[in-house]
Every structure is written in structure tokens, then in C-alpha cells.
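Asks: how does the following fold in three dimensions:
(2 chains)
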Amino acid sequence: MKYNLELVKNKRKIIGFSTFLILLSLLGILYSTFNTSYKKPINLGMDFIGGNELRIERACEEECSKLSPDSVLENLREISKDKNVLNNIKLQFQNNNKIISIRTPYLSIEESNNLITNLDNIIGPLNYESKDSRLIGPKLGKRLLTNCVTSLLVSLFAISLYITIRFDKKYALYALFALFHDLFIVFGIFSWLGFILSVEVNSLFAVSLLTIAGYSVNDTVVIFDRIRENLKSKKDESYNETIQLSVNESFRRTTFTSITTLIPLLTIILFGSYSLFWFSLSLSLGIIVGSYSSILLAPSLLLKD
Amino acid sequence: MKRRQGWLFFIIFLLTLSIYLLINYPLQLGLDLQGGSQLTLQIIKEEGKVTKDELDSVNSVIDRRVNNLGVSESNLQTLGGDQLILELPGEQNPLAASRVLGKTALLEFRTQKEGTSADLKTLQYQRLNIKELIETYSSSEKSQFDDNFIKIIQDDLKEIEKELNYSSASSDLYVKLIEIKRYIDNKIANLFINTDLSGKDLINAGRRQEQTNSNWEVLLTFSNSGGEKFAEITKSIAGTNQLLAIILDGESISEASVGSQFATTGITGGSATISGNFSAENARELEVQLKGGSLPLPIEIVETNTIGALLGSKNILKSLYAAVSGLIFVGIFMIFNYRILGFVSVLSLVLYGFFNLALYSLIPVTLTLPGISGLILSIGMAVDANILIFERIREELYSGNTLTRSIDSGFQRANSSIVDGHITTLLSCFVLFLLGTNFVKGFAATLGIGVLISLFTSLNCSKTILRFFTTYQSLRQKNLYLPRNNFSN
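Replies: Numbering: from 1, shown residues only, chains lettered A, B, ... in the order given. Next up, the predicted model:
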């Protein structure tokens, strides 16, 4: 089973495809910044802007009765003494009306407890053992955001530094280009998801970007290592051919590694807790884009015309 | 061959040790896996940084308050220089804790300024009115909540606001009422002059029900010097029309006169009671706060996470499914593609899993959901090292090398790529661990530990197991290492 990817022939197509992906991501980011209600490059979740998130199961005997969010909200308004709590409230039913999920701006613990009690009166009984509630103050949110952005920048810097010391300039530059390409595209995809499906990004998204960074660089380094090794040992073949050969030689390794990393991620998506769903998805996307850029994009950039 | 046998025994020893550790030191589960509440407390300081001393003293005050609350197995730790994290495992409502923790609880004793009696009377009267309004409002049922009822309260409130020449900016009626009451309490406090007696002079606090009605009162016990100060202060105002006020966080909670019988000695005995119409709950909160002492800096609860116990156990089960099925599928993939080599990698993955978990219980690492995802993800990275080596071994075999030579040079030549890959991932983990929040730290810790262990299992354990296998003649046929249809290639 020898692989024969024709890098030299397809160089234009590969670079064209990547340019297309980057432009598409840019479009999503720009649209998100200027044309959405939140006016941010990406839909920031409550980790970063603060708020109250509540998920709780209804204790139904068999099937849970169907309820419309609007009527529940109306009842809540009637029953609540503190009307301010109910501005900007979002209420959803999931899993055949079994799970109620609510988002509001920041509440104190007391206000949040009142909200749950009122909810219990309207659509109860609720199963308190299944409660998942998070309250994050806006101040902490801002701090988390700065924290995440700093960690991303610092670790990107550290990785860049390592690569520059480890390889000579040209290789380092392309490896880093592939890295930023991967991160930008994953970011872009989540920008799109933000205004299409109102998917929000939380601190775990920043973690996934960091992990993707480590992974993407690792993949590219393995291929570049092989290219360097072959350029030294196979002096009789042309430069471009050696690169193509090296990529084909490491093709199995890169795809296999991606597959063995994707398998556990898919099992988390399928069987794991809902709170890890988007995290695993963004990691999976990053690994797919990362393998593409290390196998096809980064080596293509090394080719001479 | 001798040397490798030594490694084999070492690995078996490590495995036994890991299993022993896991049985005797069970894993610590985070709140998202066992249920409970987690509160993040932010120390508020207007200027400058929170110093180590300030952090420590806030920490000990909070610790005392939590203990006095009677919360079992709570865990308090500092985070990043100006935050504290309080964990309350199990089915405990964070509400009670939040009420007690948030207040500074600075207790002061003040004597009335001369010539303020008339002002005080007016304010006390207004406070009585507002208290009644609050009571009517909060005790009323939803059914009575018609517009007419609201209007009466609003009108009364407006009256008081007019007298005070102060109005609340809030749009919510209840918030308004509370704010006006605070304003009055604060104004009352300002009619009094501070003395040198404060919460620091207390050695104990308690509570009891008043004999005449169902209200509660809080008992204060002073230290020796505090008792003397209290006697001195009461002596100075005994029999005059000046009152003694007890001020908590800048608001007067009680004003009392001192009878003329105390004019010679003051109130001795080193104790006092505060009776300010406390409910049982309020009295208990004040007791806990006073016992714990006042906070040197105010704090704010900036984050609360609550997870039900049922959800926690569901999360464990789900993670277990994900991890086990992930391992099985990866194992199948590896054996399918690499045959006996794949089997070796499955064995070293199992070792990898045990070593990881054993280290978690040894360090200890508290296992959380992000932590588990870090572990599951690191499985992928551990396999990656194996794949790099096996690909090299295959290449060597294809080019006609002997099995032993292929294995040796496969491990050797894959070395640098493996180390590189692990270092870049470790860099990310390190940064995440330094800068990340509590939540993120769990992920960084398990991924980082995983990457380190994977260096050992993939470079050493795989090699040892493989060497052990190849000592058997029957396991040395090349077609066990390469798919048959490719062998002629």
C-alpha cells in the first residue's frame, strides 16, 4: 500500500482551497462582528460575559407533558415579585420536554433560588438531584476572557519560539503558518455556528484551541522531520520529488494518528456529558483541519515553482 | 536480552504498585462528578494588590465562618492571589453559605452625639414604617398582588422618600424598600460617635429566643479588656439621654439606653445582648459572622456552580462509557492495522491507563469532567507515539531488515519526532496550568501527566513487551507484523 499524493501537480488547488477556507472564516468573523446582536467576532458564552445558566430535569412519571416556553415565561412573570430577573430570559425544553434549560443575566444565589422555586410551582415537580446551575458575575467573566486570551498568546509564543530554535527559519515559518491557518479556520467555523445555531464559546473552547495548536504543530513537525531526513539521504532525487516522497511516506502515520485521536473524541461526543459536546467537536474539527494542513498545505508551501 | 528482562520485572512491579495504590487510595472526584456546590469569592480592594497577609486573614475568617455554619467536608483554597474557592460537596444549598460569607461583619459600638435626640426619633419612626412595608410586601401571597396593593406600598414609600429627601434609583419595588431601609440605618449610625470597642474585643457570640416574644437576640461575650471598655462606655452615658448603638457594616442594628443605676460602675460582667427583632435565621447568621470575626477586606461571590448528585453520578457513567469505548475502538483499529504490534500497543495502553490513574490518586489530582476529557484525549497522543514507531518498524521490515534490527532502529528513529510532539503539547499544558481557571487546570493536569507517562509507556513499555514477545520463535514470523497482502510489496 504505497500512497501517491501528487503534491507538485496540485499545489495550486491546495493553496486555493486553503485560501477559500480562510476567506470563508474571515467572512464569518466579519459578519459576526458587524451584523449580529452581540457585535463580537465570536458568540461569547457566559464564562466570558457573566450570567446564570440553569438545567434541571422534570420529575415526570412517564412522558413529560408538552409545554410552550412562552406560556411558562408568562406564568413566571405573573408569579415573580422581582420583575427585573425576567428581562432577557431564555427558556428551552429539551429531551422530550424533560429538561428545562434557562439562561438569564447574572442573578444572586437568592434570586436564582427564587426562580427555581417559582419554576417548580409552575411546571413542577422538579428533580433537584439533576440540577446543574452556574452563576458567573460579569467581573469574573471579563477576567476569564483576558486570562484565556493571554494563555493563548503566551503558549503560541512559546511554541513559535520552540519551533524557531528547533528548525531553520523557512520551516519554522511554514509550520507556524499552518498552525495559524488551523486555529483561524476553527475559530471561523465557530463564528458561523455562533450566529446560525447560537452556539456560544466558553473557556473550554479556548482550551481546545490551545490543544489544537500543540497537535497541529506536532503533526507538521513529524512531516518536516521526514523531509529534512530525506533531503540529506536522497541526494539523487530532485527537491520537489523528495518533499512529495516524504509526505507520502508519513501519510499513513498522520492519518492513523488523527483517526486514533478522533475515535476517543467521537466517543465523548456520542456518550459523554453534554457539557463536553462542543469542546470535543471543536477539537475534532481542529484535528481534521490540522491533518489536512500538515499533509497537504505545509509541504506544498515548501515546494519550489 | 538480560537488560530488557529487568525492565519487564520493573514494569510488572509498577503495575502491581498502581493497582495497590488505586485500591487503597481511591480517586478524588470533583464536584461535577459527585454533586455539590462551588463558590468563587473575589476579594475587593480598590487600590493596589491584595497582599499575602490580607489573603491569609480573609482565608482564615472565611474558614471559621464556614466551620461555624456546620457544613461538613467543605474545602477552601486560594486561587491566583485574590480569589478563594469554596467547595461544598453533596446536597448542600449554597444559599446559607453565601449569606454568611458575603458580609464584612464589622461590628462597632458607638455612643450618641449630643443634641441629636430629635433627629434620631424621626429616623427611628421612619425605619419602623419601612420595616412594616417590607414585612407586608414579603409576607403577602401572590393572590393579593394586585395593582391596588402595590400602589398603596408605593405611595407610602414615596412619602418616606420625600421626608428623607432621598430616593432609590432601582425600578424594582422590593429592592427600593431594602435600599431605603439601609439608607435610614446608615443615617442613624452617623448620629453616633465611634468608641474603641469593636468586634475585635469579642471572644464569643451566641443566640437565644427572647422571653417576651418569639424574636431572637444575639449574645456577645467580651474579652477581659473588652469587658472593661464596655463598662467604661456604658458608665459614660448611663442616665443621660444618649444612646448606645451597635453598628454592623456601617448600619445601626440596635440602639439602647443605659439606665442610671449603671452610672457608677457601668455595665459589668463582660457581656451584652443585641435585640433587634431578629428572626431565628438572621440571629444565626449574625452569630456565625461575629464568631468568625470581621473580614479585613470585603468580598464578593463572583461564581457559583451547583451540580445535583444524580447528575454527578450520571456524568461518571457517561465518561466511563466514553473512555472505555474509546479505548476498545482504538484497540480494534490498532490490531487491525498492525497485528501483533497493535496488540503490543493495546497492552501498553492498558498500562498507560493504570499508571495515569495511580498517579492521580498519588499526587492527588481531583478528577473532573474536563480532566477526564484530558485523559481521553491523551490516549490519542499515547497511541500516536506507538504509530510513529510501528510505521518505522514496517519500513525497516519492507526494506528487508531482520525483525530485531527493524524493531531497534524503529524505536531509535522515531525518537526525535515523539519527543518533539510531546514537548509542544507539554508547553500548552504548562501555560494552561499557570494561567487557567480551576476548571481548565484539571484538563491541563491530566493531559500533561498523560503526555509524560506516554513518553515512558510508548518508548519503554512497548519496547519491553515487544522484546519479550520476540523471544518466542512462533511470534517471530514477519507476517505477524505486516498484512499478508502487502508482504510481497
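
Asks: ok so A:Cys60 is a strand residue?
Replies: No - read with DSSP: H, G, I helix; E, B strand; the rest coil, A:Cys60 is coil and lies in no strand.

Asks: tell me how far it lies from chain B.
Replies: Distance, A:Cys60 to chain B, using Cβ to the nearest Cβ, to the nearest Å: 15 Å. Every residue, glycine included, has its C-beta placed from N, CA and C.

Asks: could you check the pLDDT of that residue?
Replies: The score at A:Cys60 is 80. That number is its pLDDT.

Asks: just checking, it touches A:Lys98?
Replies: Yes - using Cβ atoms under 8 Å, A:Cys60 is in contact with A:Lys98, at 6.6 Å.

Asks: mutual contacts of these two, please.
Replies: The overlap between the contact sets of A:Cys60 and A:Lys98 (Cβ atoms under 8 Å, 6 or more residues apart in numbering or on different chains) is empty.

Asks: over to B:Ile253. Which of the three states is it?
Replies: Following three-state DSSP, we place B:Ile253 in the strand state.

Asks: count of residues packed around residue 274?
Replies: Looking at chain A here, since you left the chain open. 14 (other Cβ atoms under 10 Å in any protein chain shown).

Asks: wait, chain B was what I had in mind.
Replies: By other Cβ under 10 Å, 21 other residues sit near B:Ile274.

Asks: other residues contacting the helix or strand hosting it?
Replies: Assigned by DSSP states H and E, B:Ile274 falls within strand B:271-278. Residues outside strand B:271-278 that contact it (Cβ under 8 Å, 6+ apart): B:131, B:207, B:210, B:215-222, B:227, B:230, B:246, B:253-254, B:286.

Asks: buried ones among those?
Replies: B:207, B:216-222, B:227, B:230, B:246, B:253-254, B:286 (16 or more other Cβ atoms under 10 Å in any protein chain shown).

Asks: which of those residues fall in strands?
Replies: Secondary structure defined by DSSP state E assigns B:207, B:216-222, B:246, B:253-254 of the buried ones among the contacts of strand B:271-278 to strands.

Asks: all helices for the stretch 151-300 of chain A, in order.
Replies: Secondary structure of the stretch 151-300 of chain A (DSSP state H, counting those that start in this stretch): helices at A:169-196, A:203-233, A:239-271, A:277-292, A:298-302.

Asks: export those helices to CSV and tack on mean pLDDT and distance to B:Thr104?
Replies: Converted to CSV, the helices of the stretch 151-300 of chain A look like this (pLDDT from 0 to 100; distance: least, Cβ to Cβ, whole Å):
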stretch, mean pLDDT, distance to B:Thr104
helix A:169-196, 93, 41
helix A:203-233, 88, 30
helix A:239-271, 91, 44
helix A:277-292, 95, 39
helix A:298-302, 92, 58
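
Asks: hang on, isn't B:Gln154 packed against B:Leu177?
Replies: No - contact between B:Gln154 and B:Leu177 fails when scored by Cβ under 8 Å: they sit 10.0 Å apart.

Asks: and B:Gly353, what does it touch?
Replies: B:327, B:379.

Asks: more neighbours: which of B:Gln154 and B:Leu177?
Replies: Higher neighbour count among B:Gln154 and B:Leu177: B:Leu177, with 25 against 15, using other Cβ under 10 Å.

Asks: show the pLDDT at B:Asn485.
Replies: For B:Asn485, the predicted pLDDT is 48.

Asks: actually B:Ser143, sorry about that
Replies: Per-residue pLDDT puts B:Ser143 at 54.

Asks: next one: the one 10 residues further on
Replies: pLDDT recorded at B:Ile153 is 81.

Asks: which helix or strand contains it?
Replies: Assigned by DSSP H and E, B:Ile153 belongs to helix B:147-164.

Asks: list the helices and strands that helix packs on?
Replies: Secondary-structure packing of helix B:147-164 (3 or more Cβ pairs under 8 Å, 6 or more residues apart in numbering or on different chains; DSSP states H and E): helix B:117-139, helix B:173-189.

Asks: looking at those, which is buried most?
Replies: helix B:173-189 (a mean of 19; mean count of other Cβ atoms under 10 Å in any protein chain shown).

Asks: tell me the helices and strands packed up against that one.
Replies: Helix B:173-189 packs on helix B:117-139, helix B:147-164, strand B:243-248, strand B:251-257, going by 3+ Cβ pairs under 8 Å, 6+ apart.

Asks: what bits of the stretch 251-400 of chain B have low per-residue confidence?
Replies: By pLDDT under 70, the weakly predicted segments of the stretch 251-400 of chain B are B:276.

Asks: can you pull out the strands in it?
Replies: B:251-257, B:271-278, B:299-307, B:366-367 (DSSP state E, counting those that start in this stretch).

Asks: can I get those strands in a markdown table with distance to B:Phe355?
Replies: Formatted as a markdown table, the strands of the stretch 251-400 of chain B follow (distance: least, Cβ to Cβ, whole Å):
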| stretch | distance to B:Phe355 |
| --- | --- |
| strand B:251-257 | 58 |
| strand B:271-278 | 57 |
| strand B:299-307 | 29 |
| strand B:366-367 | 15 |
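
Asks: got the buried residues for the helix or strand hosting A:Lys13?
Replies: Applying DSSP H and E as the criterion places A:Lys13 in helix A:7-35. In terms of neighbour count (16+ other Cβ under 10 Å), helix A:7-35 has its buried residues at A:7, A:11, A:14, A:18, A:21, A:25, A:28-29, A:32.

Asks: distance of the closest residue to chain A within the stretch 51-200 of chain B relative to A:Leu135?
Replies: Closest to chain A within the stretch 51-200 of chain B is B:Ser98: 4.5 Å, counting by Cβ to the nearest Cβ. As judged by Cβ to Cβ, to the nearest Å, B:Ser98 and A:Leu135 stand 10 Å apart.

Asks: of these two, which one has the most company?
Replies: A:Leu135 (28 against 20).

Asks: so who does the more buried one touch?
Replies: A:51-52, A:106-109, A:112, B:303-305.

Asks: show me the beta-bridge partners of it.
Replies: With DSSP bridges as the criterion, A:Leu135 is bridged to A:Asn52, B:Thr304.

Asks: rewinding a little: pick out the most distant pair among the ones in strands among the buried ones among the contacts of strand B:271-278.
Replies: B:Trp216 and B:Phe222 (20.2 Å; Cβ to Cβ).

Asks: out of the helices and strands packed on helix B:147-164, flag the one nearest A:Leu140.
Replies: Of all these, helix B:173-189 sits nearest to A:Leu140, with 22.3 Å by Cβ to Cβ.

Asks: immediately after that closest one, which helix or strand?
Replies: Following helix B:173-189 in sequence order, the next helix or strand is strand B:192-198 (DSSP H and E).

Asks: give me the contact status of the helix or strand harbouring B:Phe430 with chain A.
Replies: Here B:Phe430 sits within helix B:403-435, counting by DSSP H and E. Yes - using Cβ under 8 Å from any Cβ of the partner chain, we find that helix B:403-435 touches chain A at B:416-417, B:420-421, B:423-425, B:427-432, B:434-435.

Asks: mutual contacts of B:Ser98 and A:Leu135, please.
Replies: With Cβ under 8 Å, 6+ apart, B:Ser98 and A:Leu135 have common neighbours A:108-109, B:304.

Asks: out of these, who's nearest B:Ala118?
Replies: Distances from B:Ala118 to those, taken by Cβ to Cβ, are shortest for A:Ser108, at 37.9 Å.

Asks: distance of that closest one from B:Lys45?
Replies: From A:Ser108 across to B:Lys45, the span is 22 Å (Cβ to Cβ).

Asks: same check, this time on B:Lys314
Replies: The value you get for B:Lys314 to B:Lys45, if Cβ to Cβ is used, is 41 Å.
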